[in-house]
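take a look and give me a structure for this.
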Amino acid sequence: AGQAKPTTGQGLYKDFCGNCHGPMNGTGGVVPVNIIGKKNADILQRVRMGEGADPSMRNGYMPAEDAASLSDTEVGLISQYLMGVP
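Numbers count the residues shown, from 1 in each chain. Below you'll find the predicted structure:
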């Protein structure tokens, strides 16, 4: 049945983002990301829309995540984790 979905920002980040953006934070992977100072609505829009169309282009593609796979609250937890908010 697979593993349960993480419930912390760190766990969600690792599962949904870490493969491309770095295993521990958004600045250490193939595609660094810096969300410091960005608005939650802008971050959420990027997650929902994704980026690019070719999954083989690791530095130019990000899959869109709909609310069924990653809720608005979960995106917020990931943002807080990346921004260092306890």
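
rest of the way, CA atoms for contacts and neighbours
Will do.

just want the most central residue of the protein.
Among the residues of the chain, the one closest to the centroid is Cys17, at 4.2 Å (C-alpha atoms, centre = their mean).

got the confidence number for that residue?
pLDDT recorded at Cys17 is 90.

with Ala41 instead?
The predicted local confidence for Ala41 is 92.

Ala53 reaches Tyr61, doesn't it?
Yes - using C-alpha atoms under 8 Å, Ala53 is in contact with Tyr61, at 6.4 Å.

the more surrounded of these two?
The neighbour comparison of Ala53 against Tyr61 (other C-alpha atoms under 10 Å) goes to Tyr61, with 16 against 11.

wait, isn't that one in contact with Asp54?
Yes - using C-alpha under 8 Å, Tyr61 is in contact with Asp54, at 6.2 Å.

next, the buried residues of the helix or strand of the chain with the lowest mean pLDDT.
Ranking every helix and strand in the chain by mean pLDDT, DSSP states H and E puts helix 18-21 at the bottom, with a mean of 85. Buried residues in helix 18-21, counted by 16 or more other C-alpha atoms under 10 Å: Gly18, Cys20, His21.
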